[in-house]
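Enquirer: need a 3D model of the sequence below.
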Amino acid sequence: GCFKVGHADASTVSAAGDASLTPAQPLSKETFNIVLLSGESVDIDLSNVTRVPELRQAVAEYFKVSQAKVQLMQGGQVFGRDSAMTLEPKNGQVTVVLQMV
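Expert: Prediction:
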């Protein structure tokens, strides 16, 4: 009996949690976290970003630096300057390294 009650409570809680997230986060569009090497999260609008060059441009504009200073890594892979790869949210967060040279 207790198990069923606990289970019902859990599903009620998760349903409420999902409902509260819906307005801010459209469920149809996967997004990925952008973090600095320091671990600090960066809040950049990624609604139109699907590939590495677009993300590099968005990051450069956000930090007001040239794109040449923006290095992007995801899942231990460093994207080269001329990489045009499509970004996969399932590969995890993207780490941004700003080269202050």
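Enquirer: so who does Glu40 touch?
Expert: By C-beta atoms under 8 Å, 6 or more residues apart in numbering, the contact set of Glu40 is empty. Yep, even glycine has a C-beta here, placed from its N, CA and C like the rest.
Enquirer: next one: phi and psi at it?
Expert: Main-chain torsions, Glu40, degrees, to the nearest 10: phi -70, psi 130.
Enquirer: from Ala84, how far off is it?
Expert: 27 Å (C-beta to C-beta, to the nearest Å).
Enquirer: do Ile34 as well
Expert: Ile34 is 19 Å from Ala84, by C-beta to C-beta.
Enquirer: can you find the helix or strand in the chain with the smallest mean pLDDT?
Expert: helix 2-21 (a mean of 46; mean pLDDT, DSSP states H and E).
Enquirer: so what touches the helix or strand just after it?
Expert: Heading C-terminal from helix 2-21, the first helix or strand you meet, by DSSP states H and E, is strand 34-36. With contact meaning C-beta under 8 Å, 6+ apart, strand 34-36 is reached by 41-44, 46, 55, 59, 93-98.
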